[in-house]
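[1] Sequence plus predicted model, see below.
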Amino acid sequence: MNDFNACGCRRGLCREAKSGCEHHRRLRDVEVRTVMRPSSGIATINQNSQSKTSSHIRKDYSKKYTTQYPTQAQRVHYHEPVPVKVIGHPSLKIYKFQLPPHLLHLLDHIVNGCDDYAATLPGGWMTYLYSLTKQDIAVRDVPGMYKAATPIISYVKSTIKRMYNAEHVKIDRNQPHVLRYSAEGGCKHTGVELHHDKCSLTANIMMSRSNAYVGGATVKLEFGEFLIHPGNLVHAGVDIIQGTRTLMILFTHVEERVESRSVENTTL
């Protein structure tokens, strides 16, 4: 007597005669890959099956996946890419992103921690960590804040790796730092003149709501959005005329993938 079904599994273990056995259903798990398309400025999600039994895949499998496997569905949600907007000409490589919802609450926590820390300093926010921007606090200097910022740092680094084909993304001790522009109080610093950054790529994460200030910004960012641009790009911070505008900045040093450098060298 043959102890195996036509599908190759032992008799008694095949639970679905028409759509395959439990073993084959597991083989049909959907692999979620993020496909970044800088040229179109859109980040999309692509679902492809790696199963050899592709003829059994249901067209509405994503709904079944979400319903029967909430843990995996949550994991997929966390890895969904956010919309990407290309700023200016694509050759400038300036992109705008949105932090995922589960990271947004960390921004307020970090701002509050920096406010408390600044209150203990003789000059408050006027630290001159960087001579141009003047009102900066390194997150590592505030107890517990670097740990709180780590998920955001990881997300930004991951985004840089995808968008700029980077193999390694490094930051120095002063990164990230929280930058404040303020039109109120005794220490007013409302913007910054034209300059360029001494790094490969700069990430600017908006930590203020749009109703917290008036004016400011060369590129308008909403709360939780972040902008990445090459460090050698000459740029400025437009003055605010009212309120307070706070950002978290990462100066990053990027090492491109070997294959990317090889292709670039052969085309010169």
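    Thanks, I have the structure now. Computed from a prediction, not measured in an experiment: that's the story for all the values here.

[2] Tell me the helices and strands packed up against the longest strand anywhere in the chain.
    Secondary structure of the chain read by DSSP state E shows that its longest strand is strand 240-256. Packing partners of strand 240-256 (3 or more C-beta pairs under 8 Å, 6 or more residues apart in numbering; DSSP states H and E): helix 104-118, helix 145-164, strand 166-171, strand 177-182, strand 201-206, strand 213-215. C-beta here means a position set from N, CA and C on the backbone, and glycine is covered the same way.

[3] repeat that with 6 Å
    Packed against strand 240-256 by the contact rule (3 or more C-beta pairs under 6 Å, 6 or more residues apart in numbering; DSSP states H and E) you find strand 166-171, strand 177-182, strand 201-206, strand 213-215.

[4] May I have the strands that pair with it, each with its orientation?
    strand 166-171 (antiparallel), strand 177-182 (antiparallel), strand 201-206 (antiparallel), strand 213-215 (antiparallel) (DSSP bridges).

[5] mind listing what's buried in the first one?
    The one in question is strand 166-171. By neighbour count with 16 or more other C-beta atoms under 10 Å, strand 166-171 contains the buried residues Ala166, Val169, Ile171.

[6] Show me which of these is closest to Ser158.
    Of all the buried residues of strand 166-171, Val169 has the smallest distance to Ser158: 8.6 Å, by C-beta to C-beta.

[7] I'd say Cys199 and Ile249 touch.
    No. Using C-beta atoms under 6 Å as the test, Cys199 is too far from Ile249 to be in contact (10.0 Å).

[8] Any stretches of the stretch 151-268 of the chain with poor pLDDT?
    186-187, 258-268 (pLDDT under 70).

[9] and of the strands paired with strand 240-256, who's closest to Gly113?
    That would be strand 177-182 among the strands paired with strand 240-256, by C-beta to C-beta, at 9.0 Å.

[10] Check what contacts the closest one and list those residues.
    114, 125, 133, 135-138, 190, 240, 244-249 (C-beta atoms under 6 Å, 6 or more residues apart in numbering).

[11] Out of the residues you listed, grab the one that's most surrounded.
    Within the contacts of strand 177-182, most neighbours by other C-beta atoms under 10 Å means Arg245, with 27 neighbours.

[12] Tabulate the strands paired with strand 240-256 (CSV), appending distance to Tyr146.
    CSV is the format used below for the strands paired with strand 240-256 (distance: least, C-beta to C-beta, whole Å):
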stretch, distance to Tyr146
strand 166-171, 11
strand 177-182, 11
strand 201-206, 15
strand 213-215, 26
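
[13] circling back: ok, the buried residues of strand 166-171 vs Ala119, which is closest?
    Nearest to Ala119 among these, with distances taken as C-beta to C-beta, is Ile171, at 26.3 Å.

[14] Check the gap between the closest one and His253 for me.
    When distance is defined by C-beta to C-beta, to the nearest Å, Ile171 is 7 Å away from His253.

[15] quick one, domains of the protein?
    22-81, 86-261 (automatic domain parsing).
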